[in-house]
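K.L.:
Sequence first, then the predicted structure, then my questions.
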Amino acid sequence: MIKKSTPATSNSEPTSGFWTGTDRLDSWKEIASYLRREVRTVQLWEKREGLPVRRHFHKRLGSVYALRSEIESWKRQVSRTGVVHETRSTAPSKFENRITIYVLPLTNVTVRSERRRICDAIATKTIATLQRSNPEQLCIVSPKFPVQSGQSELPTSLLDERIDYVLRWSVHDEGEGLRLNVALLFAGSDSVAWSHTYRSKDFTEFSTYAADQIVHCLWLKVFSSSTAVPVGGHRDKSSSRETYLKGRYFWNQRSEDGLRKAIRCFESTIREDPEFALPYTGLADSLTLLSFYEIVSPSEVMPSARRAAQRAIELDPDLAEAHASLADVLLHFDRDWQGADREYRRSIQCNPDYALGYHWYANLLSARGQHEAAHMSIMHALEINPVSIITLVWAGVTSHLAHQFDDAIRHYQNALELDPQFIWAHMYMAQALEQKGDLKEALREFETTNRLAGGNNCVKAMKAHAHAVAGDASSAQEILHELKSAPSRKCMPSYDIAATYAALGDAQQVVAWLLRACNERNMKLFTLTQDPRFDPLRRRSDFKQIVDQMGLQNAPALGQN
């Protein structure tokens with residue numbers, strides 16, 4: 001691969017006369033210290049911005065070194081070229097050349113002979129899925145024999161080739177199950193970009209599950225760094241942008257009043273400057289949240305949300321916000337999982353610094369049971385914007401769907417530190433406390449949520465579930481009766497009503513209300529295979545039929561034994 005020439009510099013970098021001693025820097029740590037940056041930053045500069053780093057190969061992956069004189073020359077070139085400031089990263093083609101990952105043979109460690117075919121399946125499925133995942137920007141180099149016994153090494157024939165990352169992995173037999181250790185290394189060093197361990201006792205599904213998990217995590221890790229480019233095309237009016245930002249302020253409040261104010265701001269911006277793409281994304285996102293929070297019926301507003309997102313893409317095909325808005329419509333309303341995945345990835349590629357692209361992509365990954373990738377995605381959103389209250393809340397939801405309730409509670413507590421009155425932090429906190437068995441505190445949190453939300457129907461339905469779990473069936477039934485007696489114009493929280501019937505042990509009503517939720521295109525259905533409230537029903541054939549209808553039949557459910 002050819003190194004990048006895109007510059008990157010900083011006013012705080014050392015001058016050429018600052019350092020004394022030898023010209024050679026003998027490790028990533030020394031290079032990073034010289035440039036006063038983190039190791040990962042200089043590794044990315046080397047891969048994408050032409051930082052001169054040399055390699056000396058040993059028996060395995062080798063080591064790196066750099067010459068101060070060459071780094072200073074590179075810095076002077078960067079200084080002459082300059083850096084584009086005040087840009088929005090749209091990056092239609094983030095890399096001039098493809099990133100190369102060399103996949104070492106999957107090391108088979110003490111695996112019984114009858115299970116070796118599983119190793120073959122894991123390796124071949126993972127490599128095949130990686131090769132299909134992003135062929136325009138990702139080059140996967142794999143060995144002729146994808147599985148072998150003993151320690152694998154980078155072939156000597158590739159030592160002079162430009163390899164960006166190396167995937168090292170191994171399978172261990174643990175008797176009742178298999179353990180798969182995976183590590184993505186920066187080529188030319190033992191620095192780990194990402195690693196994880198997968199375990200499974202379900203041999204029939206393990207290969208497909210492992211391949212999907214690994215591919216999503218690798219994609220997020222490799223394509224999550226930013227490249228700033230100049231803004232081109234339409235120049236919005238300053239007054240239009242001010243009104244748009246005001247709309248986003250109201251939108252971030254996540255209340256019915258805030259969302260309706262946001263819609264008025266976005267519609268006003270569109271009238272003033274109809275060629276400005278961003279307010280169309282704001283309008284789409286506001287309509288989507290009105291449906292998601294069950295304030296209005298999805299069929300009433302989601303077609304308009306889709307048209308707004310599509311119009312934004314027409315105006316600016318490389319606008320990350322537009323692709324994320326369309327992806328959210330495809331996920332929650334159309335239930336087009338492949339289309340949503342494609343648009344979320346497009347959003348991230350257009351602007352790797354757009355936090356909501358990762359935030360919303362975590363929803364889809366969680367729905368598919370890709371919990372490690374979902375965690376990576378939502379945490380990357382928090383790295384970009386660590387004080388986003390809703391992202392902190394959704395980090396909790398992502399942990400909740402992975403059945404990691406202590407982690408979920410910690411994220412909700414962090415959100416409430418920033419805003420003790422934030423409705424959705426209290427609501428999801430209540431659900432996590434309920435799953436932990438702290439029913440008294442859960443009901444107290446639901447009372448707080450109900451007061452802050454002004455009697456939101458989905459909050460009432462969730463509270464009914466807590467009463468049912470606590471053994472107070474009469475209170476649960478009373479709330480259900482109130483919800484079902486509401487005026488027809490009110491949006492019915494069918495999905496959460498189904499969950500309450502699950503807690504009451506009425507499987508027939510669960511199925512009836514889930515079918516109603518499907519017909520109403522309830523926006524919460526994407527969590528169906530991971531929501532712990534439905535764990536007792538996962539083996540029922542009628543429940544499985546609804547999962548099939550949702551198109552989620554391949555998503556592993558954590559509550560299923």
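P.N.:
That came in fine, so what should we check first?
K.L.:
Do a quick rundown of the helices in the stretch 201-350 of the chain.
P.N.:
203-222, 238-251, 256-272, 278-292, 298-315, 320-329, 337-350 (DSSP state H, counting those that start in this stretch).
K.L.:
Would you convert these into a markdown table that also reports mean neighbour count, mean pLDDT and distance to Leu356?
P.N.:
Yep, even glycine has a C-beta here, placed from its N, CA and C like the rest. Output for the helices of the stretch 201-350 of the chain, formatted as a markdown table (neighbours: other CB atoms under 10 Å; pLDDT from 0 to 100; distance: least, CB to CB, whole Å):
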| stretch | mean neighbour count | mean pLDDT | distance to Leu356 |
| --- | --- | --- | --- |
| helix 203-222 | 20 | 83 | 15 |
| helix 238-251 | 18 | 87 | 11 |
| helix 256-272 | 19 | 94 | 14 |
| helix 278-292 | 26 | 95 | 8 |
| helix 298-315 | 19 | 95 | 13 |
| helix 320-329 | 27 | 96 | 6 |
| helix 337-350 | 21 | 92 | 8 |
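K.L.:
would you turn the ones you listed into TSV with distance to Asn522?
P.N.:
Shown next, in TSV, are the helices of the stretch 201-350 of the chain (distance: least, CB to CB, whole Å):
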stretch	distance to Asn522
helix 203-222	25
helix 238-251	22
helix 256-272	18
helix 278-292	9
helix 298-315	7
helix 320-329	14
helix 337-350	16
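K.L.:
Let me know which of those helices is the nearest to Ile71.
P.N.:
helix 203-222 (24.9 Å; CB to CB).
K.L.:
which residues in the stretch 51-200 of the chain form helices?
P.N.:
Using DSSP H, counting those that start in this stretch, helices in the stretch 51-200 of the chain cover 68-81, 116-133.
K.L.:
Tell me which of those helices is the most buried.
P.N.:
Of all the helices of the stretch 51-200 of the chain, helix 116-133 carries the top mean neighbour count, a mean of 19, counting by mean count of other CB atoms under 10 Å.
K.L.:
Can you tell me which helices and strands that one packs against?
P.N.:
Helix 116-133 sits against strand 99-103, strand 106-109, strand 138-141, strand 147-148, strand 165-173, helix 203-222, with contacts defined as 3 or more CB pairs under 8 Å, 6 or more residues apart in numbering; DSSP states H and E.
K.L.:
Take it, keep the C-alpha atoms, and write them as PDB.
P.N.:
Coordinates of each C-alpha in helix 116-133 appear next as PDB, following Å, rounded to 0.1, in the frame of the first residue of the first chain:
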ATOM      1  CA  ARG A 116     -11.700 -29.600  14.300                       C
ATOM      2  CA  ARG A 117     -14.300 -29.000  11.600                       C
ATOM      3  CA  ILE A 118     -15.600 -26.200  13.800                       C
ATOM      4  CA  CYS A 119     -12.200 -24.500  13.600                       C
ATOM      5  CA  ASP A 120     -12.300 -24.900   9.800                       C
ATOM      6  CA  ALA A 121     -15.700 -23.300   9.700                       C
ATOM      7  CA  ILE A 122     -14.700 -20.400  12.000                       C
ATOM      8  CA  ALA A 123     -11.700 -19.600   9.900                       C
ATOM      9  CA  THR A 124     -13.400 -19.900   6.500                       C
ATOM     10  CA  LYS A 125     -16.500 -18.000   7.500                       C
ATOM     11  CA  THR A 126     -14.600 -15.200   9.100                       C
ATOM     12  CA  ILE A 127     -12.300 -14.700   6.200                       C
ATOM     13  CA  ALA A 128     -15.100 -14.900   3.700                       C
ATOM     14  CA  THR A 129     -17.200 -12.400   5.600                       C
ATOM     15  CA  LEU A 130     -14.200 -10.000   6.000                       C
ATOM     16  CA  GLN A 131     -13.600 -10.200   2.300                       C
ATOM     17  CA  ARG A 132     -17.200  -9.200   1.600                       C
ATOM     18  CA  SER A 133     -17.400  -6.500   4.300                       C
END
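K.L.:
ok, and what's touching it?
P.N.:
Residues outside helix 116-133 that contact it (CB atoms under 8 Å, 6 or more residues apart in numbering): 101, 103, 105-106, 108, 111, 138, 140, 142, 146-147, 171, 178, 180, 203, 206-208, 210-212, 214-215, 218-219.
K.L.:
ok so, going back, same list, the helices of the stretch 51-200 of the chain, but as CSV with mean pLDDT and distance to Arg241 please.
P.N.:
CSV is the format used below for those (pLDDT from 0 to 100; distance: least, CB to CB, whole Å):
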stretch, mean pLDDT, distance to Arg241
helix 68-81, 71, 29
helix 116-133, 83, 36
